[in-house]
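Fold the following and give me the result.
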Amino acid sequence: MPTALWIAQVHVTDAEAYGKYAKAAGPAIAAHGGVFLARGGRYVQLEGNDRARNVVARFPSVEAAVECYNSPEYQAALSHAKGASVRDLVVVEEVGA
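Just a heads-up that it's a prediction; the model follows:
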């Protein structure tokens, strides 16, 4: 089964509340097999909307990533991000090697 990438582009509007989200989201993502490949850090915006926080996590499958998103643990974390950020989130199946 192909792995999947969880790709989020975020503009943080309330750093304190978003920090609570980030602290709680990490363990929820890890519990579903997610591994961070990028979490903030340096970037170059070449096209589209510029959002200073970019996050990429690899999951065992698209289904695992969606299960994570819908899990009670992740939804509890996400409650801190709502109203504290503008986000786009997509899960994309990786091309097999």
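
Now tell me what touches the host helix or strand of E63 from outside.
E63 belongs to helix 62-70 when assigned by DSSP states H and E. Residues outside helix 62-70 that contact it (Cβ atoms under 8 Å, 6 or more residues apart in numbering): 2, 4, 6, 28-29, 31-34, 57, 59, 74, 89, 91, 93. Placement of C-beta: from N, CA and C, glycine included.

Swap in 7 Å and give it another go.
With contacts defined as Cβ atoms under 7 Å, 6 or more residues apart in numbering, helix 62-70 is touched by 4, 6, 28-29, 32-34, 59, 74, 91, 93.

Could you do stretch 75-89 as well?
Contacts for stretch 75-89 (Cβ under 7 Å, 6+ apart): 8-14, 17-18, 20-21, 24-25, 28.

Show me how far that stretch is from its chain's centre.
From the chain centre to the centre of stretch 75-89 is a distance of 10 Å (Cα atoms, centre = their mean, to the nearest Å).

what's the answer for stretch 55-66, then?
Distance, stretch centre to chain centre, for stretch 55-66: 9 Å (Cα atoms, centre = their mean).
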